[in-house]
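Chemist: everything below, folded, please.
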Amino acid sequence: MADDPLTDFAREAFTSGGRTHPVLRAGTGPAVIVISEIPGITPLVAGFARRIRDLGCTAVLPDLFGVAGRDPYPAAHGWTGTIATVARAFTKVCVSREFTLLATGRSSPVVTWLRALAAREHERCGGPGVGAIGMCLTGGFALAMAVDDRLLAPVVAQPSLPLPVTRRQRRGIDISPADLETVKRRCAAGDLDVLGLRFTGDRLVPAERFAFLREALGDAFTAIELDDSTANPDGLIRPHSPVTDHLIDEPGQPTRDALDQVLDLFRRRLLAPAQD
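Modeler: Here you go, the predicted structure:
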């Protein structure tokens, strides 16, 4: 691969609560907030966003860390470039007060900004509501955003926070008890379908975390748990990212089936009501 110039995305800034972040947008139709994984909006994350656009939705990508469009693979910038790209993103996350890495039962402060962004995009794009997908350290953000009735389709992809050091951290996710109760009520009322994705051998996303989500959310939570052998062997790290780094984009591949289920959730919750 190579760096992605992202010329097919519009760029703007969004401010709420005293916080400002750049936002990339592409497409028309109901909004889907695509919250990237470390090290940021890579070419693979942008490619996923284009699938959202091609589905008939507006892909909205908050640029929270890293260098948007930069390819982290060694073939693009060498191993020195890869290390620098990842280190730059991690440093931004670690020093920022917007991200909570270790605390269990706490929503990261940036979620408040993301909820405001989703509300603005719903007003701007229309439709029955908004979708969201969080990946890796942002995985739980999509769930915490769902306290807002406008969020109809949260996807929790390889949710890695809190970092699973203790048993309590493994059996939890980065959402406050009050926010979780609101999400649970929405799930019980049939207002939410929550989709979760993980590779079974991923130590950052232990099985206990998905067991916790099943217990908390009941039938509203659908878990897609993929064997590590189904991951793209050319991924940069061990199997972790089902819809980007470790996707094998071929019909019949388990990771492609998982991607199709993500797209189908957005289609069903955001587009199908308008077609009925």
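
Chemist: how near is Val35 to Phe99?
Modeler: One correction, residue 35 is Ile, not Val. Distance from Ile35 to Phe99, counting by Cβ to Cβ, to the nearest Å: 12 Å. From N, CA and C alone the C-beta is placed, and that goes for glycine too.

Chemist: these two: who's more crowded?
Modeler: The neighbour comparison of Ile35 against Phe99 (other Cβ atoms under 10 Å) goes to Ile35, with 27 against 20.

Chemist: and that one, backbone torsions?
Modeler: Here the main-chain torsion angles of Ile35 (degrees, to the nearest 10) amount to phi -100, psi 110.

Chemist: ok, now which ones touch it?
Modeler: 61-62, 64, 114, 132-135, 138, 141-142 (Cβ atoms under 8 Å, 6 or more residues apart in numbering).

Chemist: grab the nearest non-local neighbour of Pro162.
Modeler: Nearest non-adjacent residue to Pro162, counting by Cβ to Cβ, 6 or more residues apart in numbering: Gln169, 4.5 Å away.

Chemist: should've said Arg120
Modeler: Nearest non-adjacent residue to Arg120 (Cβ to Cβ, 6+ apart): Phe14, at 6.8 Å.

Chemist: next, the one you found: phi, psi?
Modeler: phi -130, psi 130.

Chemist: list of residues touching the helix or strand harbouring Val262?
Modeler: Following DSSP states H and E, one finds Val262 within helix 254-266. The contact list for helix 254-266 (Cβ under 8 Å, 6+ apart) reads 32, 48, 51-52, 55, 57, 131, 133, 153, 155, 157, 193, 195, 197, 222, 224, 226-227, 230-232, 242-243, 246-250.

Chemist: what's the spacing between that helix and its chain's center?
Modeler: Its chain's C-alpha centre and that of helix 254-266 lie 14 Å apart, by Cα atoms, centre = their mean, to the nearest Å.

Chemist: can you turn the buried part of the contacts of helix 254-266 into a PyMOL selection?
Modeler: In PyMOL syntax, the buried subset of the contacts of helix 254-266 is picked out as below (16 or more other Cβ atoms under 10 Å):
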select buried, resi 32+48+51+52+55+57+131+133+153+155+157+193+195+197+222+224+226+230+231+232+242+243+246+247+248
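
Chemist: please narrow the contacts of helix 254-266 to those residing in helices.
Modeler: Among those, the ones falling in helices (DSSP state H) are 48, 51-52, 55.

Chemist: take the residues you listed and lay them out in JSON lines including pLDDT.
Modeler: JSON lines is the format used below for these (pLDDT from 0 to 100):
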{"residue": "Phe48", "pLDDT": "98"}
{"residue": "Arg51", "pLDDT": "98"}
{"residue": "Ile52", "pLDDT": "98"}
{"residue": "Leu55", "pLDDT": "97"}
